[in-house]
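J.: I need the structure of the sequence given here:
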Amino acid sequence: MDDDRSAVRPFMHGYDAAAIKSWSPGTDRWARHFRSRVPLAPRIAPFPATQAHPDLATGPQLMNLTYDYDDAFFTARKYGAGFARRLLRFWQYSDFYGSWHGLPVDGPPADDPAHGLVNLPNPAYTDAAHRNGVRSLGCWFWPRSGNFEEYLEQRADGSFPVADKLIEMAAYFGFDGYFINHEAETPPGQAARLYDLLRSLRERAPEGFHLQWYDTITPDGHLDYVNHLNAANAPWLDAADSFFANYWMTPEGVETSVATALKLGRDPYATVFHGTENEQFGFDPDYDPRLLFPPGEPARTSWALFGSHFVKELAPHHDDPDAQGEVFRRERRYWSGPHEDPTRSGRLLPHDRETPRDRDDHRAWDGVAHHITERSVIGSFPFVTRFNTGHGRSFFLGGRRVADGDWHNASVQDVLPTWQFWTRAEGAGAALSVGFDHELAYDGGSSLLLSGEPGPGDATTVRLYKTALDVTGPERLALTAHGTDGVRLEVGLLFQDAPSDFTWLAAGSGSSSEAGWHTTTHGLAPFRGRTIAAVGLRVSAAHPTRCEVRVGELALLDGELESPAPPQDFTVDEVRTERETTHVFLSWRLAEHGVHHYDVLRDDDGSWLGRIYDDVYVVSLPPGAAPGPGTRLRLVAVAPDGTRSAPATTEIPH
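T.: Just a heads-up that it's a prediction; the model follows:
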């Protein structure tokens with residue numbers, strides 16, 4: 001089971017003073033299984049003409065401090081069975097992601113766990129964050145059990161063992177810094193050494209490393225949630241890169257934050273992140289985010305969100321895999337606004353109304369997209385998406401179902417649409433519904449579904465991806481779709497030199513697979529010298545019809561496809577059995593370049609067992625589904641453009 005307290009299957013844990021100071025990947029028993037190997041993707045330059053709100057300033061940033069899959073302690077893992085797990089589908093608005101839940105240190109009794117000071121971000125979430133250009137932060141939380149003095153050990157040269165180890169751990173595990181939440185009254189001497197420790201950490205860390213300080217203790221150690229940046233707490237910015245202000249914001253406090261940052265010579269957008277508390281207050285927080293984003297005026301500071309996981313945690317039946325549609329709707333309303341369309345964001349109820357606050361009333365929430373511009377990493381060829389959300393009810397390859405059963409793995413989530421969902425209807429009918437479908441996919445666990453009943457002359461346009469793709473001549477576009485009979489499907493390109501006028505290319509016909517998927521390919525040579533600024537779809541009908549068009553793959557490719565080399569050193573390291581579940585530990589040599597992910601399959605029937613971008617994977621299967629001794633396994637490397645290598649094989653030992 002995915003939610004058991006397995007001692008066999010790798011799980012994450014927290015780190016106390018002893019664990020941090022003695023840390024090494026060779027002694028941290030599961031360390032190899034919790035690395036993020038995906039590099040941080042660069043984001044394209046802002047282009048207001050294709051924004052959902054062209055007048056919205058691009059400077060304000062967003063910190064999203066949240067759980068990963070769920071509030072997991074003993075079951076914090078990178079991937080597993082289970083569909084009803086929280087998968088963030090809106091990375092395009094965040095600049096920083098911070099993990100949020102403490103983890104027990106490795107080894108204590110499960111019924112009385114001692115939590116570590118530091119927990120790592122889930123590497124699957126770091127992988128997804130990095131693919132979207134978001135920096136991922138680990139979490140420091142005090143108070144915990146133990147003596148804080150143990151963390152403040154200082155060498156004769158002035159360096160701190162804990163600081164040096166935290167840098168080493170971030171480099172090994174592949175994340176980008178720490179969120180420092182020190183919520184305990186602290187003796188002045190310890191507070192002064194904490195300041196020195198953090199300053200050492202920041203000064204010794206590599207470029208791009210980020211420390212964010214939460215509005216807690218003053219420099220003399222007094223616990224005081226000031227709720228803004230001022231002269232009293234500003235000294236922490238000598239030891240940190242940014243400041244997360246506590247939630248009870250006021251107009252005066254916000255202006256003090258701005259003035260303090262400017263007095264320090266710091267950019268308020270890079271320095272101050274005023275917080276909104278959604279975990280308790282949901283869609284209807286007591287303190288109005290428009291204090292940061294006054295209508296018609298420049299944003300005052302950047303923004304921090306705590307508890308965006310409420311969209312799942314407070315949803316009815318949120319653990320029922322058949323009830324996730326409501327979770328997805330709540331998520332769209334949170335990020336895109338009450339109409340689930342970022343171009344139509346903005347609250348439907350006034351914040352200062354006399355009726356009681358209601359954390360489940362999405363009409364009280366503007367939507368993050370109302371204040372923060374959408375970002376994109378799609379700045380070069382190739383770009384391929386299968387609209388894979390990172391979880392599914394089954395798994396597909398080439399349109400063929402190759403595994404049954406629920407699964408989740410944020411590590412292999414695709415870059416999802418920039419706008420969810422920017423739709424426009426033409427004609428007398430309503431726009432088609434747009435969403436992710438987990439019943440039928442081309443590659444992975446989901447596809448993009450456009451459904452409804454268009455009439456003659458009706459059309460729906462869906463703007464999907466913000467891009468900056470320079471066309472030089474050999475590039476091409478391929479779209480793979482299912483269910484296009486009776487409708488006309490087109491893929492549209494917006495160019496920087498004409499950002500209001502789509503160029504439409506026919507899709508939905510062409511080569512067909514046995515599973516009913518059609519791939520249409522267009523050369524982009526006619527657009528040589530132009531830059532693609534956005535990609536969209538249009539569905540229209542000549543006659544009344546019921547349509548369910550699924551888009552399984554959108555590929556923007558350059559040059560000739562070249563298969564990656566077969567994986568090297570593929571081997572079964574160990575096989576363990578626990579309560580009749582078989583765990584097969586696999587490893588191989590990670591390719592230095594040219595690989596987007598690896599697929600693990602049975603060699604006899606081609607059934608899928610797992611997908612990852614890493615050099616290790618654990619296949620965990622229950623009785624009756626587990627491969628037995630002598631079963632051969634297959635490992636295939638998949639390039640960023642989707643081409644697949646020849647397989648490497650290995651055998652489960654007898």
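
J.: per-residue pLDDT, the residue in the chain sticking out farthest from the centre?
T.: Computed with Cα atoms, centre = their mean, the residue of the chain farthest from its C-alpha average is residue 156, at 41.5 Å. Note for residue 156: predicted pLDDT of 96.

J.: which SSE is the residue lying closest to residue 621 once chain neighbours are set aside in?
T.: Nearest non-adjacent residue to residue 621, counting by Cβ to Cβ, 6 or more residues apart in numbering: residue 582, 5.7 Å away. The way it works is simple: take the backbone N, C-alpha and C, and place the C-beta from them, glycine included. According to DSSP states H and E, residue 582 maps onto strand 581-589.

J.: for residue 186, same thing?
T.: Here residue 186 is assigned to no helix or strand, by DSSP H and E.

J.: What of the one 4 residues further on?
T.: Residue 190 is part of helix 188-204, with elements assigned from DSSP H and E.

J.: And residue 18, by the same measure?
T.: Per DSSP H and E: residue 18 is located in helix 17-21.

J.: by contact count, what packs against that helix?
T.: With contacts taken as 3 or more Cβ pairs under 8 Å, 6 or more residues apart in numbering; DSSP states H and E, helix 17-21 sits against helix 161-173.

J.: any residues touching the next helix-or-strand element following the helix it packs on, and which ones?
T.: Helices and strands here follow DSSP H and E; after helix 161-173, the next one along the chain is strand 177-182. Strand 177-182 is contacted from outside by 65, 98-99, 118, 135, 137-142, 166, 170, 194, 198, 201, 205, 209-214, 216-217, 240-241, 244, using Cβ atoms under 8 Å, 6 or more residues apart in numbering.

J.: For strand 177-182, list the C-alpha coordinates in PDB.
T.: What follows is strand 177-182, C-alpha atoms only, in PDB (Å, rounded to 0.1, in the frame of the first residue of the first chain):
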ATOM      1  CA  GLY A 177      18.200  27.100  -0.500                       C
ATOM      2  CA  TYR A 178      16.100  27.200   2.700                       C
ATOM      3  CA  PHE A 179      13.100  28.900   4.200                       C
ATOM      4  CA  ILE A 180      14.000  29.800   7.800                       C
ATOM      5  CA  ASN A 181      11.100  29.700  10.200                       C
ATOM      6  CA  HIS A 182      12.400  30.200  13.700                       C
END
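
J.: now the angle between helix 188-204 and it, please.
T.: 170 degrees (axes from the mean of the first three to the mean of the last three Cα atoms, to 10 degrees).

J.: in its sheet, what does strand 177-182 sit against?
T.: In the sheet, strand 177-182 lines up against strand 135-142 (parallel), strand 210-214 (parallel) (DSSP bridges).

J.: Put together JSON lines for those, with mean neighbour count, mean pLDDT and distance to residue 588 on each row.
T.: Shown next, in JSON lines, are the strands paired with strand 177-182 (neighbours: other Cβ atoms under 10 Å; pLDDT from 0 to 100; distance: least, Cβ to Cβ, whole Å):
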{"stretch": "strand 135-142", "mean neighbour count": "23", "mean pLDDT": "97", "distance to residue 588": "25"}
{"stretch": "strand 210-214", "mean neighbour count": "22", "mean pLDDT": "98", "distance to residue 588": "32"}
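
J.: mind giving me TSV with these and columns for distance to residue 649?
T.: TSV is the format used below for the strands paired with strand 177-182 (distance: least, Cβ to Cβ, whole Å):
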stretch	distance to residue 649
strand 135-142	34
strand 210-214	42
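
J.: what's the closest of those to residue 586?
T.: Nearest to residue 586 among the strands paired with strand 177-182 is strand 135-142; the distance by Cβ to Cβ comes to 25.1 Å.

J.: Just the C-alphas of the closest one, formatted as PDB.
T.: Provided in PDB are the C-alpha atoms of strand 135-142 (Å, rounded to 0.1, in the frame of the first residue of the first chain):
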ATOM      1  CA  ARG A 135      13.600  27.600  -7.200                       C
ATOM      2  CA  SER A 136      12.900  24.900  -4.500                       C
ATOM      3  CA  LEU A 137      13.700  25.600  -0.800                       C
ATOM      4  CA  GLY A 138      14.100  23.200   2.100                       C
ATOM      5  CA  CYS A 139      12.500  24.200   5.400                       C
ATOM      6  CA  TRP A 140      14.100  25.100   8.800                       C
ATOM      7  CA  PHE A 141      11.600  25.000  11.600                       C
ATOM      8  CA  TRP A 142      12.300  25.700  15.300                       C
END
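
J.: Just the residues contacting that strand, thanks.
T.: With Cβ under 8 Å, 6+ apart, strand 135-142 has contacts from 36, 40, 95-100, 102, 115, 117-121, 125-126, 129-130, 148, 166, 169-170, 175-184, 208, 210, 212.
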